[in-house]
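**Student:** fold the following for me, if possible:
(2 chains)
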Amino acid sequence: MRRALLAAFLVVGCDTSSGPAAGKPVKVGYVLHGLNSFTQVIKKGAEQAGKDLGVEVEVTGPAGFVPTEAIAMFEGMVQKRKAGLVVVPQPGEVWVVPIRQAVQAGVPVVTANVTSLDSPASAWFGQDEYQSGVLLATELRKQLEAAGKKEGRVVVGMCAPGVRVLADRYAGFKKGMEGSRYEISEPFDVTPENTSNYSAWENLGGKYKEMAAAVGLCSVDIPNLAKLKSRSGATWVIAGYDLNVETLEAIKSGVAQVTVGQHPYLQGYLPVRALVEHLRDGKPLVKGWVDVGTEVVTRQNVDDLLLREKDEAKEKQWYADHVGKTFKDLASQARPFPKAR
Amino acid sequence: MNTFAARLRRFEEVGVLGALVALCVALTVVTDSFFSAVNLLQVARQASTTGIMAVGMVFVLTMGDVDLSVGSILTLVNILAAVALREGLPLPLAVLVGLAAGAACGFTNGGLSVLLRIPTIIVTLGTMSIYYGLALVISKATPISQFSKESLFFELGGKIPTSVLTMLAVGLAGWVLFHRTPFGRRVQAIGSNLQAARFSGIPIPRTRILVMTGMGAASAVAGILALAFLQSADPSTGPGLELFVIAAAIIGGTALSGGSGSILGAILGALIIAVIRNGLVLLEVSAYWSRVVTGAVIIAAVAVDYLIKRRSS
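**Tutor:** Predicted coordinates:
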């Protein structure tokens, strides 16, 4: 009985063709690279796109950011004959073959957050990590100037050495700091585990008491740096990544100075919309890179961001307006992938 | 002098203590900021999470078992206690919820192992995933910090951090239990020779369940201290710690094959790991080399322990 039901489900509920299929229910799969507060926002965006467009979106991802597990989930989605797939291929290089196999099997694939230049996926919805590092450096320099710190050491922490995204952020950050009188450290391993991360920053704060700024390249860093700074009475400037409520509150209180957001909501919403517009409405699938944009948050604009991040209804409305204004026609937004640096 | 040397040789943890002292002396010589009260207290505090759990792990390893779920239990307790606080439960009750959850996780590990006759390493390989998954479900994979922090609980630490004092208290309780009670002797007997322990009437299932429950409770204590210190709970608190906990116990002289263990050694092992991490920063070792150096120093520390013990015997 169960087998019969499953067979019926596969026959009735799944679209096996890769082309436009007007009138048929479209089911989209979304494979995240892991589960944390950042990817939960991607999930929210993807599911909202499903609701707005009236399609079913199944979002999944491994708990522990293990690429092989994510690939297995992706392959499972292909077997389940999803009409189209979105994936966060972290790291991009190891995903080239699984994505190619899915495309060859007739499943259109687009990527979000990160990609590889060799990726056979049609489109990538993400930010230029290198450029985000440059932006972070540019804003940090302003903040350092404002704090009267015209020179000194800037200590950089990297929670997962070897991850391409973080290396790109660091390279961009160094580029953005070029020509200044600040001494930029090599990245220190500050580990992704929360208690170890705090300890690592504590050790760095003890070693470089005179540092001008502490820069964390992962979302776990700013909350821990803010606590450490408050407890130790340090005066260094704090800069980093992502828009956790704790991070935004640290900026609002003046303990942290700048963070860079990557619009994870859009990384969920836009690729699903691109697939649905192709599969259901018959539009050509977006090709190339759709830059979801980068948000630089300081004390000047943090109140608006806090309102948005704390209240789901406001977040939904803000993004609905933003998508309507900025991403009306996705194809026209697409441009060639940024060149390898 | 000879008497002192003879006594020192009889001191079981002489090897790991020697390795720790050697590391500290080396870092004092080559860096200018290692040997300060502030830094040493920080290192002790950083060791406390691993140290508290390593005390429980000594019992587990001595019994011939391994618990891989301790990091996930810490995560789950961390999240549960924060959710309890967010939902308005009074602090003591939230702490109690956390402790009970940790003990229940440990009880489940032990119970499943006994009931299904599966080695604990296999059971905890599964529950590691279950407990972490539950933490993700409950927290929706997002940090929890929206609760009142107006309590002394969140201002842990006077001159000596509370987590260090807790580690010492847990260590002392563990030492008494391990070396001075019939329960401790039963644990060692099970690990030394399971058949002999069975024939001599030792209640093996009950002892195993009690040890695993204690391990869960120790992980819960660490999870609650992490919540108090970081003032927020996050699913990124805990994962991966199990390897450092096991490493601390083994560095401290607890045999992976079971039968013998050292509570003091486990705490010294946790301190060695924290000193290595601190030293890597003070020596400005790059992120890419730091893991290589950490592994190499851990192996060197265990080698020093073996060498000193062999000479002593």
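**Student:** check contacts around the nearest residue to A:Thr235 once chain neighbours are set aside.
**Tutor:** Excluding the flanking residues, the one nearest A:Thr235 by C-beta to C-beta, 6 or more residues apart in numbering or on different chains is A:Ala147, at 7.7 Å. C-beta: built from backbone N, CA, C; applies to glycine. Contacts for A:Ala147 were tallied using C-beta atoms under 8 Å, 6 or more residues apart in numbering or on different chains; they are A:Thr235, A:Val237, A:Gln257.
**Student:** average model confidence for whichever strand or helix holds B:Arg185?
**Tutor:** Using DSSP states H and E, B:Arg185 maps to helix B:182-192. Helix B:182-192 shows a mean pLDDT of 96.
**Student:** tell me the buried residues in it?
**Tutor:** Within helix B:182-192, the residues scored as buried using 16 or more other C-beta atoms under 10 Å in any protein chain shown are B:Gly184, B:Arg186, B:Val187, B:Gln188, B:Ala189, B:Ile190, B:Gly191, B:Ser192.
**Student:** so is A:Asn157 in a helix, a strand, or just coil?
**Tutor:** Not Asn; residue A:157 is Gly. strand (DSSP: H, G, I helix; E, B strand; the rest coil).
**Student:** where does the prediction get shaky in the stretch 51-200 of chain B?
**Tutor:** Scanning the stretch 51-200 of chain B with the threshold set as pLDDT under 70 gives B:152, B:155-158.
**Student:** around chain A, which positions in it sit nearby?
**Tutor:** Residues of the stretch 51-200 of chain B lying close to chain A (C-beta under 8 Å from any C-beta of the partner chain) are B:Ser129, B:Tyr132, B:Gly133, B:Leu136, B:Lys140, B:Ala141, B:Thr142, B:Pro143, B:Ser145, B:Gln146.
**Student:** of these, select the buried ones using a PyMOL command.
**Tutor:** Listed next is the PyMOL selection for buried residues among those, using 16+ other C-beta under 10 Å:
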select buried, chain B and resi 132+133+136+141+142+143+145
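**Student:** show me which pair in the residues of the stretch 51-200 of chain B next to chain A is furthest apart.
**Tutor:** Within those, two members stand farthest from each other by C-beta to C-beta: B:Ser129 and B:Gln146, at 27.7 Å.
**Student:** could you count how many residues lie near B:Ala303?
**Tutor:** 12 (other C-beta atoms under 10 Å in any protein chain shown).
**Student:** show the pLDDT at it.
**Tutor:** 83.
**Student:** same question for A:Lys339.
**Tutor:** Looking at A:Lys339, its pLDDT stands at 68.
**Student:** helices or strands next to the host helix or strand of A:Ala200 in the packing?
**Tutor:** Applying DSSP H and E as the criterion places A:Ala200 in helix A:194-207. Here helix A:194-207 touches strand A:152-158, strand A:188-189, strand A:213-216, helix A:221-232, helix B:37-62, helix B:204-230, helix B:263-282, going by 3 or more C-beta pairs under 8 Å, 6 or more residues apart in numbering or on different chains; DSSP states H and E.
**Student:** can you tell which of these is closest to A:Leu117?
**Tutor:** That would be, of the helices and strands packed on helix A:194-207 and by C-beta to C-beta, strand A:152-158, which comes in at 22.2 Å.
**Student:** list the neighbouring strands of the closest one plus their orientation.
**Tutor:** strand A:182-184 (parallel), strand A:188-189 (parallel), strand A:213-216 (parallel) (DSSP bridges).
**Student:** return the set of buried residues in it.
**Tutor:** Buried residues in strand A:152-158, counted by 16+ other C-beta under 10 Å: A:Gly152, A:Val154, A:Val155, A:Val156, A:Gly157, A:Met158.
**Student:** show me what the fourth one bridges to in the sheet.
**Tutor:** In this entry, A:Val156 is beta-bridged to A:Val215, by DSSP bridges.
**Student:** so who does it touch?
**Tutor:** Contacts of A:Val156 (C-beta under 8 Å, 6+ apart): A:Tyr170, A:Phe173, A:Ile184, A:Ser185, A:Glu186, A:Pro187, A:Phe188, A:Val215, A:Gly216, A:Leu217.
**Student:** mind listing what's buried in stretch B:243-259?
**Tutor:** B:244-255, B:258-259.
**Student:** going by distance to A:Ala121, which of those wins?
**Tutor:** A:Ala121 lies nearest to B:Phe244 out of these, by C-beta to C-beta, at 37.8 Å.
**Student:** wait, what's in contact with the closest residue to that closest one other than its chain neighbours?
**Tutor:** Closest residue to B:Phe244 apart from its sequence neighbours, by C-beta to C-beta, 6+ apart: B:Thr50 at 5.1 Å. Residues near B:Thr50 by C-beta under 8 Å, 6+ apart: B:Leu241, B:Phe244, B:Val245, B:Ala248, B:Ala270, B:Ile273, B:Ala274.
**Student:** and the next helix or strand past the helix or strand bottoming out on mean pLDDT in chain A?
**Tutor:** Across the helices and strands of chain A, mean pLDDT, DSSP states H and E gives its lowest value to helix A:2-13, namely a mean of 41. Following helix A:2-13 in sequence order, the next helix or strand is strand A:27-31 (DSSP H and E).
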